[in-house]
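A.B. asks: this one's sequence-less:
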């Protein structure tokens, strides 16, 4: 029989959307297998760990491994995807593989324990990384029958550390020794295979993931505007929130425009060219919190005839409730269309009823123009502070196109000698310092024995922090719930 995994991956939806936009731009069909898998600029970007938003290789652990493994071909990504897993890590496979990879780069020859082992593990430089390797070693090197090897595979429990692989220790080690392997090497090899009990990839699984990872990196490298729009339209997925995805896209030269009642559709879309093979990204109404697809569709359909001229015009023609207008005003969706700030838009909405007066509605429909029910005197409202605008952006859209929140605190942070994330890159290893930022990611892998990994972001970049168990227990509430933290610690460079 054949075992198949059918996974509903969000990145597949993202890539479908990206390829559809790319087909419109280029006039030719694109797909996962139509992209050349030897693109130098794409691998250069991957080696620099510039992989925010890509599939599988965007996590903190993967990004720290990329500059060390330095993938230059698709099978390197197969290994990259598989090696940063609890199984290979606990089985002590990572450092031996990196060491042998470095030896190959220096022109040295890998010496294998046995010719049979070279036949099985040549592609991974003598290090067992996949479940298939454990089975082939059992059959070719330890004398297992295919049936026994399949039982060994079943013993390598997936996603649970409850495998019964220990039951095969005596049989596997004994078989290796009988076939000419040293006892020390046989025990070390079994310890590596035993790590698969904490989850190790099948090679076919890793190859499929690597193909998607490469395709997502290729689109990001060559068409970051399309990548940004496709990612936003595929949320929720991945490690990063829309705020970080948009900020990363802008760092790559993508022009991102705010939600606008006269320009935005439900999904994020591409607008006119801003450079060769580069278009502006218009944020979609899907990002506006509290706005239903039904009411957004009514607004979009109604403006096809002519753009809205005012909030009153939109309200009467689209027939949406006042609560919908409030959502749009709070998202600052009237600023680019009518020049109204949040407060001005909300003030204008306050003068609207639940339904327009029939006489005025009939006259406006007959004349096909705007007839206001009431002429109110202009009111000069106090403008919101820049920081207040950013807070409202995050609260009602989930991101901001204005300044980063940390920039408003920078002067005070500098007085307290709290450095930026960019400054940590220029600081000597081992120095004690304090850094502050928004919390992007919290991770507590089961294999980390209670250690928390955090990623912080400020206006200059990101910094990774390791929170040890004692510190976590002392500041548990802050570590788990705070959206912005300051961390004092010792800088470590790999």
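C.D. replies: Great, that's in hand. Bear in mind the structure is a predicted one, so any value in this text is a computation, not a measurement. Numbers count the residues shown, from 1 in each chain.

A.B. asks: So residue 439: helix, strand or coil?
C.D. replies: Going by DSSP: H, G, I helix; E, B strand; the rest coil, the secondary structure assigned to residue 439 is strand.

A.B. asks: With the one 3 residues further on instead?
C.D. replies: What three-state DSSP gives for residue 442 is strand.

A.B. asks: list the contacts for it?
C.D. replies: Residue 442 sits next to 452-454, 479-480 when contact means C-beta atoms under 8 Å, 6 or more residues apart in numbering. Just so you know, the C-beta spots here come from the backbone N, C-alpha and C atoms, and that holds for glycine as well.

A.B. asks: Repeat the analysis, applying 6 Å as the threshold.
C.D. replies: residue 454 (C-beta atoms under 6 Å, 6 or more residues apart in numbering).

A.B. asks: can you map out the strands along the stretch 301-450 of the chain?
C.D. replies: Taking DSSP state E, counting those that start in this stretch, the strands of the stretch 301-450 of the chain run over residues 418-419, 432-443.

A.B. asks: Distance to residue 224 and mean pLDDT for the ones you listed - can I get that in CSV?
C.D. replies: Below are the strands of the stretch 301-450 of the chain laid out as CSV (distance: least, C-beta to C-beta, whole Å; pLDDT from 0 to 100):
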stretch, distance to residue 224, mean pLDDT
strand 418-419, 29, 93
strand 432-443, 19, 91
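
A.B. asks: quick one: which of those strands is nearest residue 210?
C.D. replies: Across the strands of the stretch 301-450 of the chain, residue 210 has its closest neighbour in strand 432-443 (21.8 Å, C-beta to C-beta).

A.B. asks: Could you give me the buried positions within that closest one?
C.D. replies: 435-441 (16 or more other C-beta atoms under 10 Å).

A.B. asks: which is the next helix or strand following it?
C.D. replies: Using DSSP states H and E, the helix or strand that follows strand 432-443 towards the C-terminus is strand 452-458.

A.B. asks: next one: the helix or strand following that next one to chain centre, how far?
C.D. replies: Remark: after strand 452-458, the chain's next helix or strand is strand 461-467, criterion DSSP H and E. Distance of strand 461-467 from the chain centroid (C-alpha atoms, centre = their mean, to the nearest Å) equals 16 Å.

A.B. asks: Paired strands for strand 461-467, with orientation please.
C.D. replies: Applying DSSP bridges, strand 461-467 is found paired with strand 452-458 (antiparallel).

A.B. asks: which residues touch the strand it pairs with?
C.D. replies: Contacts of strand 452-458 (C-beta under 6 Å, 6+ apart): 60, 406, 420-421, 437-438, 440-444, 462-465, 467, 472, 479.

A.B. asks: again, only using 8 Å
C.D. replies: With C-beta under 8 Å, 6+ apart as the criterion, strand 452-458 contacts 60-61, 244, 247, 404, 406-407, 420-421, 435-445, 462-467, 472, 479, 485, 487.

A.B. asks: got it, and stretch 227-243?
C.D. replies: 10-11, 13-15, 17-18, 21, 52-53, 55, 58-59, 216, 219-220, 245-246, 248-249, 254, 256, 267-270, 281, 283-284, 286-287, 394, 398-400, 440-441.

A.B. asks: Now, of these, which are buried?
C.D. replies: 11, 14-15, 17-18, 21, 52-53, 55, 58-59, 216, 219-220, 245-246, 248-249, 254, 256, 267-270, 281, 283-284, 286-287, 398-400, 440-441.

A.B. asks: got any ranges where the stretch 251-400 of the chain has weak pLDDT?
C.D. replies: 353-379 (pLDDT under 70).

A.B. asks: All the helices of it, residue numbers only.
C.D. replies: For the stretch 251-400 of the chain, applying DSSP state H, counting those that start in this stretch gives helices covering 293-302, 311-318, 322-330, 335-338, 342-350, 358-367, 386-396.

A.B. asks: do the same with the stretch 1-150 of the chain
C.D. replies: 10-26, 40-47, 60-69, 74-83, 86-90, 94-105, 115-121, 131-136, 146-155.

A.B. asks: ok, so what distance separates the most centrally placed residue in the chain from residue 381?
C.D. replies: Centroid-nearest residue in the chain, with C-alpha atoms, centre = their mean: residue 53, separated by 3.5 Å. Distance, residue 53 to residue 381, using C-beta to C-beta, to the nearest Å: 38 Å.

A.B. asks: Noted, bye for now.
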